[in-house]
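Asks: okay, structure incoming, though there's no sequence with it:
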């Protein structure tokens, strides 16, 4: 496994090449940080893009959904996908209008996915999805999946081989006038304190603390 | 202007139709809340998706970028676009694995855009973009745009006519076991306190408070 992705015609950044990165670890970290990705396909020449949960397993992206999901079925059937994740880190306020920008980290993956058909492998991948999103050992305390549940679920693995990141973290300095505030307004995606549902609240009053506590933020 | 979008073949939600909304005001509010959108086009049958700043002007979405931006040029040239905005509101932790989900609001617009060529109209639209993102009266205190700057910028307006929203805010109740915490982990995109750059810090020490202050969060 090389440390960098090879540059292809689709991943070459013509404008602002200084913002491009082909560093595998950095691209992975951008993919891992976002809760959702934008997944695009072309169907009969028509673009479609949908937000989906994407979770990385090594050098592959796990997508899942109902077997009737049209976009995902298309990818499972071998269609090219383009998957993007974008994280806004800050608004950049400069002293010239033209220097206003955003700090961001973005990652784009091009590729053809394949359907995962083996039930054991589907289960393994769905465990990874669950663990990544929930980040507790919750899974093993929950009832197992109903018999046959995974059969109705489409699990697709897209290789992360043709990929590029784009990062803007530059601090602009310009010749704009004195007396104007310039700097950054940081933007963060935050998980707030968990909110127990009614049943959990009732049980807490009755039974005390739950055996499986809420995830810590 | 009708209160609802007409349902088309592309915007009909086959799976979980209860999550679909065609309410114009609600779809607008989802579009307005996100700082960026995912803009997809199909070029020679190949899907491409890019994060872009999208700002709404009434029933149109303003996209802008450098005149060399390939994806945007494609849309300016009349290609179909599919534009999606997705806001994650919460992780939903249930007592059955299969009831775990996310609360989200999403909006998708299909349409063909057109390039805005009139310089006055380009200026007006870029002012709207600036105002929407920065939310201060900063613009009028900054030096005007350099002569000819707008010529090198591509401004495209995409009509918001074929559009659909998708909202999940249901609270699952299930027959999962006692003693397991269930509820929501809210997720929020937050603007943190502004961070002054070096020049602003130096001027603050020397001149006092800036004439044009930082935006309030």
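Replies: Noted; the coordinates are in hand. Predicted, not measured: the structure shown is a model, and the values here were computed from it.

Asks: C-alpha from now on. contacts and neighbour counts both.
Replies: Noted.

Asks: how about the helices of chain A, start to end?
Replies: Secondary structure of chain A (DSSP state H): helices located at A:24-33, A:70-76, A:119-134, A:198-207.

Asks: pull out the buried positions in stretch A:98-117.
Replies: Applying a neighbour-count criterion of 16 or more other CA atoms under 10 Å in any protein chain shown, one finds A:100-116 buried in stretch A:98-117.

Asks: before we move on, what about stretch A:46-65?
Replies: Within stretch A:46-65, the residues that qualify as buried are A:46-57, A:60-65, counting by 16+ other CA under 10 Å.

Asks: before we move on, what about stretch A:126-145?
Replies: Neighbour-count burial for stretch A:126-145, with 16+ other CA under 10 Å as criterion, is recorded at A:126, A:128-130, A:134, A:138-139, A:142.

Asks: what does stretch A:1-17 give?
Replies: Neighbour counts over stretch A:1-17 (16+ other CA under 10 Å) mark A:4-5, A:11, A:13 as buried.

Asks: cool, and stretch A:162-179?
Replies: Under 16+ other CA under 10 Å, the buried positions of stretch A:162-179 are A:162-168, A:171-172, A:179.

Asks: who touches the residue of chain A most remote from its centre in this structure?
Replies: Distance from the C-alpha centroid of chain A, by CA atoms, centre = their mean, peaks at residue A:178 (40.7 Å). Applying CA atoms under 8 Å, 6 or more residues apart in numbering or on different chains, we find residue A:178 in contact with residue B:203.

Asks: for it, grab phi and psi.
Replies: The phi/psi pair for residue A:178 (degrees, to the nearest 10) reads phi -70, psi 160.

Asks: which strand is the longest one in chain A?
Replies: Counting by DSSP state E, the longest strand found in chain A is strand A:80-93.

Asks: who does that one touch, helix- and strand-wise?
Replies: Applying 3 or more CA pairs under 8 Å, 6 or more residues apart in numbering or on different chains; DSSP states H and E, we find strand A:80-93 packed against helix A:24-33, strand A:37-43, strand A:101-112, strand A:183-191, strand B:46-52.

Asks: quick check: mean pLDDT across the first one?
Replies: It refers to helix A:24-33. Average pLDDT, helix A:24-33: 98.

Asks: likewise the longest one?
Replies: The predicted model gives strand A:101-112 an average pLDDT of 98.

Asks: ok, now stretch A:138-157?
Replies: For stretch A:138-157, mean pLDDT rounds to 92.

Asks: find the nearest non-adjacent residue to residue A:132, please.
Replies: Nearest residue to residue A:132, sequence neighbours excluded (CA to CA, 6 or more residues apart in numbering or on different chains): residue A:55, at 7.1 Å.

Asks: could you list the low-pLDDT ranges of chain A?
Replies: Where chain A drops to pLDDT under 70, the residues are A:216-217.

Asks: same thing but 90
Replies: Within chain A, the ranges that satisfy pLDDT under 90 run A:1-2, A:13-18, A:134-141, A:146-148, A:171-175, A:207-217.

Asks: over to the residue lying closest to residue A:143 once chain neighbours are set aside: give its phi and psi.
Replies: Spatial nearest neighbour of residue A:143, excluding adjacent residues (CA to CA, 6+ apart): residue B:96 at 6.3 Å. For residue B:96, the backbone dihedrals (degrees, to the nearest 10) come out as phi -120, psi 140.

Asks: which among the buried residues of stretch A:162-179 gets closest to chain B?
Replies: Nearest to chain B among the buried residues of stretch A:162-179, counting by CA to the nearest CA, is residue A:179 at 4.5 Å.

Asks: wait, doesn't that closest one sit right on residue B:205?
Replies: No. Residue A:179 lies out of contact with residue B:205 (CA atoms under 8 Å); the separation is 11.7 Å.

Asks: would you mind measuring from the residue farthest from the centre of chain A to residue B:213?
Replies: Per CA to CA, to the nearest Å, residue A:178 is found 12 Å from residue B:213.

Asks: same question for residue A:20.
Replies: Residue A:20 is 33 Å from residue B:213, by CA to CA.

Asks: higher neighbour count, the two?
Replies: residue A:20 (20 against 13; other CA atoms under 10 Å in any protein chain shown).

Asks: quick one: the more buried one and chain B, what's the gap?
Replies: 14 Å (CA to the nearest CA, to the nearest Å).

Asks: can you tell me the closest non-neighbouring residue to that residue?
Replies: Sequence neighbours aside, residue A:166 is the residue nearest to residue A:20 in space, at 4.6 Å (criterion: CA to CA, 6+ apart).

Asks: wait, residue A:130 sits on residue A:139?
Replies: Yes. The pair residue A:130 and residue A:139 passes the contact test of CA under 8 Å, sitting 7.5 Å apart.

Asks: list the contacts of residue A:180.
Replies: A:95, B:141, B:200, B:210-213 are the contacts of residue A:180 under CA under 8 Å, 6+ apart.

Asks: compare those residues and tell me which is most surrounded.
Replies: Counting neighbours by other CA under 10 Å, the top entry in these is residue A:95, with 24 neighbours.

Asks: that one is in contact with residue B:142, isn't it?
Replies: Yes. Counting by CA under 8 Å, residue A:95 does reach residue B:142; the two are 6.4 Å apart.

Asks: what is in contact with the two at once?
Replies: Shared contacts of residue A:95 and residue B:142, counting by CA under 8 Å, 6+ apart, come down to A:176-177.

Asks: what does residue A:137 show for phi and psi?
Replies: Main-chain dihedrals, residue A:137, degrees, to the nearest 10: phi -90, psi 20.

Asks: leaving out sequence neighbours, find the closest residue to it.
Replies: Here the residue nearest residue A:137, using CA to CA, 6+ apart, is residue A:131, at 7.5 Å.

Asks: isn't the one you found up against residue A:140?
Replies: No. Assessed by CA under 8 Å, residue A:131 is found out of contact with residue A:140, at 10.4 Å.

Asks: overlap of the contact sets of these two?
Replies: Between them, residue A:131 and residue A:140 share no contacting residue under CA under 8 Å, 6+ apart.

Asks: quick one, which of the helices of chain A is packed in tightest?
Replies: Mean neighbour count (mean count of other CA atoms under 10 Å in any protein chain shown) peaks for helix A:70-76 among the helices of chain A, with a mean of 20.
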